[in-house]
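# need coordinates for the below:
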Amino acid sequence: MCGICGMAGAPDRARLEAMSATLVHRGPDAAGDVVEGPVALASRRLSIIDLAGGDQPIWNEDGTVVVVQNGEIYNHLELMHELRRAGHAYRTHSDTETLVHLYEEHGLDFARRLRGMFAIALWDANRRWLVLARDRYGIKPLYYRTAGGALEFASEVRALPRGEIDLDALEAFLAFNSIPGPYSIFRDVRKLPPGHLLVWEESGATRLERFAHPGPVPESELRDDDEAELVEELRARMRDSVRAHLLADVPVGVLLSGGVDSSILAALAAQETSEAVHTFTVGFAERSFDERDDARLVAQRYGTNHHELLLHPEPTLLLPTLADAFDEPFADSSALPTYLVSQLAADHVKVALSGEGGDELFGGYYTYAADLLADRFGALARLASPLVERLPSSSSRASFDYRAKRFVRAAHLPPLERHHAWKEIFSTDVRAELTGSQRAFDPVDLYRARYAESEGAEELARLQDVDFAVYLVDDLLVKTDRASMAHSLEARVPFLDPIVTNFAFSLPQRQRVRGLSKKVLLRKAAEPLLPREVVHGRKRGFSIPAAAWLRGDLAPLARSTLSPETLRRQGFFRPQPVTRLLDDHVAGRVDNSRQLWGLLAFTLWYERHVEQDPPTLRSARMEALLV
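Numbering: from 1, shown residues only. Coordinates of the predicted model:
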């Protein structure tokens, strides 16, 4: 696990070193760089595999190909044996070295052979081109900027020139609470899409090529096996993936939320290791958000080394700290517990498994059950809307009033539009009121483009695939990457492995969602491994009581951060509608917590990344190394 950066066209070593320094939190163990002809590459290393010999950059045998990478290649041992048989000579045992030899053997097709998470930069001196590659699921980030035939790239935006705010990206942020690719918050910076290569040639020309496109199979190709056989196969595939993700020369732990996804990872990891696995969880004083009891059940069953953290809001410290850690505006409030549980884990391990992807693949969200209900009761829901809208606002987690109001407002819409409406942060009209302008750009077009690619698959599978390609990539995986890397912790996601995803994409709807039952097959696969309370409990995740906090301890910070003076100075949001959102929420008239969290996240991010130089992150582990 590392941070990478570089440039092509006009290399500048001083500029390269400055870029690398901004990524020190991603790799505090070692730094390396190379300037080779028109290209400069740099890496910050977090040592996980081949601790002594894996420093980057790494060259091939004759020095014509050089690579840096951020990530882990889980099939590198198999590939290494294959490449050695083909005549390639290894100098290290690092998975990074496998990349140069695999590229020598297969050219640009090398990325198709990789099982893992990665962002790669590779310079080929013979062909005179620089190749950037991002893994098929978008687990690892990679940003780039082109101008005048030159290219700059980095693992995080903080290493690149800031430039002007992209108002289309801001529009998308207001709709989603995160910024979907290929956009970034800056107009001249873009995200390399998952499963893509970017090739820069010495002439200055660039091109994008797609090497992988995971997604649901056509309806005619769905599995129709006996359910018991599917259950056994899924359990075996999950075990295979967890075993692969445990590959490391350092201790590996599990971020344990108390839900079925992270719990099955903890169970399988405990069975695959000879020593006690470290598990980590967070809890809250608010009972509906506290998951420690269920996490303890799993930890006790498998005798893990269990660590807990009870969270209390410290708004003047925590929200600015989050704004520092996230290099773009990011408003998923679960980033806060993810950040803190990563800090807890980093005191004990360098690698932790996390459960991202399970919901999108196996049908874990309430919206999927709502999608099926709306097909039958959409018209009735519209008639019930006046009564439902009168329900009082609650501060509880996933409260009935919140879900009921969301359902009746959108149940009558076409499938994709209603699916988005149930999750939308600010509607089109409210966005226009906030910003004072109506933009032609519609963020939902990003959903529509992905939805069109899955034509022929089951309807629910198509909606899950939209979440898989947009929400998972640009919200959940961003959250996990930045929150863990802020503490120099590598987070691995075993659900996002071809051996699991290819299986999940072939399952019929009845094995994912039946009526109100979600994750049907995954829960059956988990039954022999986990306590019943965990297998059949309500959905878990590192979420926070944001609604209650914004009516209590967080209210003063929200008032001061979103003051009319600050909003006028920054120039993006009109003060009057923001103040109204705050007043209505604090008074308990409506739950505006997701909207307010988004406005807070953007405002704090802008103060700390644009109105001043982006902060340099330093984890406790880094401080110990410096001492």
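# tell me what the strand or helix carrying residue 105 is packed against?
If you go by DSSP states H and E, residue 105 is part of helix 95-106. Helices and strands touching helix 95-106, by 3 or more CB pairs under 8 Å, 6 or more residues apart in numbering; DSSP states H and E, are strand 58-59, strand 65-73, helix 76-85, strand 116-124. Where C-beta positions appear, they are placed from N, C-alpha and C, glycine not excepted.
# and if we set it to 6 Å?
Contact here means 3 or more CB pairs under 6 Å, 6 or more residues apart in numbering; DSSP states H and E; on that basis helix 95-106 packs against strand 65-73, helix 76-85.
# from these, which stretch is densest packed?
The highest average neighbour count among these, using mean count of other CB atoms under 10 Å, belongs to strand 65-73 at a mean of 26.
# so which residues make contact with it?
2-4, 34, 41, 43, 56-59, 95-96, 99-100, 114, 116-124, 140, 155 (CB atoms under 6 Å, 6 or more residues apart in numbering).
# again with stretch 592-610
Applying CB under 6 Å, 6+ apart, the external contacts of stretch 592-610 come out as 177, 319-320, 323-324, 329, 331, 333, 425, 546-547, 550, 561-562, 570, 581, 585.
# let's go with 7 Å and repeat that
162, 173-174, 177, 319-320, 323-324, 326-327, 329-331, 333, 425-426, 546-547, 550, 558, 561-562, 566, 570, 573, 578, 581-582, 584-585, 615 (CB atoms under 7 Å, 6 or more residues apart in numbering).
# now intersect those residues with the helices, please.
Judged by DSSP state H, helices contain the following of the contacts of stretch 592-610: 173-174, 319-320, 323-324, 546-547, 550, 558, 561, 566, 570, 578, 581-582, 584-585.
# return a PyMOL selection command for the buried portion of these.
A single PyMOL command selects the buried members of the ones in helices among the contacts of stretch 592-610 (16 or more other CB atoms under 10 Å):
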select buried, resi 173+174+319+320+323+324+546+547+550+558+561+566+578+581+582+585
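# tabulate the helices and strands packed on helix 95-106 in TSV, adding columns for distance to residue 340 and mean pLDDT.
Output for these, formatted as TSV (distance: least, CB to CB, whole Å; pLDDT from 0 to 100):
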stretch	distance to residue 340	mean pLDDT
strand 65-73	23	96
helix 76-85	32	96
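# of the ones you listed, which is nearest residue 453?
Residue 453 sits nearest to strand 65-73 of all the helices and strands packed on helix 95-106, at 25.1 Å, using CB to CB.
# got the angle between that closest one and helix 95-106?
For strand 65-73 against helix 95-106, the angle by axes from the mean of the first three to the mean of the last three CA atoms, to 10 degrees is 120 degrees.
# sheet partners, orientation included, of strand 65-73?
Its sheet considered, strand 65-73 pairs with strand 58-59 (antiparallel), strand 116-124 (antiparallel) by DSSP bridges.
# most neighbours per residue, which of these?
Most buried of those, by mean neighbour count (mean count of other CB under 10 Å): strand 116-124, with a mean of 25.
# which helix or strand lies directly C-terminal to that one?
Immediately after strand 116-124, counting by DSSP H and E, sits strand 129-134.
# can you list the weak-confidence ranges in the stretch 451-600 of the chain?
For the stretch 451-600 of the chain, the stretches with pLDDT under 70 are 539-543.
# try 80
Scanning the stretch 451-600 of the chain for pLDDT under 80 picks out 537-544.
# what about the strands in it?
In the stretch 451-600 of the chain, the segments counted as strands under DSSP state E, counting those that start in this stretch are 490-492, 513-514, 517-518.
# roughly how far does residue 303 sit from residue 283?
Distance, residue 303 to residue 283, by CB to CB, to the nearest Å: 21 Å.
# sorry, back to before: for the helix holding residue 105, buried residues please.
Here helix 95-106 shows 95, 96, 97, 98, 99, 100, 101, 102, 103, 104, 105 as buried, counting by 16+ other CB under 10 Å.
# then stretch 358-378?
Going by 16+ other CB under 10 Å, stretch 358-378 has these buried residues: 358-372, 374, 377-378.
# ok, now which ones touch the residue most central in space within the chain?
Centroid-nearest residue in the chain: residue 477, 0.7 Å away (criterion: CA atoms, centre = their mean). Residues in contact with residue 477 (CB under 7 Å, 6+ apart) are 138, 139, 356.
# that one and residue 141, how far apart?
Counting by CB to CB - residue 477 and residue 141 are separated by 8 Å.
# overlap of the contact sets of those two?
Common neighbours of residue 477 and residue 141, counting by CB under 7 Å, 6+ apart, are absent.
# which residue packs closest to residue 570, ignoring adjacent ones?
Using CB to CB, 6 or more residues apart in numbering and skipping the chain neighbours, the partner closest in space to residue 570 is residue 606 (5.6 Å).
# hang on, that neighbour in a strand?
No. Secondary structure of residue 606 (DSSP: H, G, I helix; E, B strand; the rest coil): helix, not part of a strand.
# which one, of the helices and strands packed on helix 95-106, ends up nearest to residue 496?
Closest of those to residue 496 is strand 65-73, at 12.0 Å (criterion: CB to CB).
# could you export that closest one as CSV, CA atoms only?
C-alpha atoms of strand 65-73 as CSV (Å, rounded to 0.1, in the frame of the first residue of the first chain):
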residue,chain,number,x,y,z
VAL,A,65,10.3,-0.6,-17.8
VAL,A,66,9.8,1.0,-14.4
VAL,A,67,6.7,1.0,-12.2
VAL,A,68,5.2,2.5,-9.0
GLN,A,69,2.0,1.2,-7.5
ASN,A,70,-0.5,1.8,-4.7
GLY,A,71,-2.2,-1.4,-3.7
GLU,A,72,-1.8,-5.1,-3.4
ILE,A,73,-1.8,-7.9,-6.0
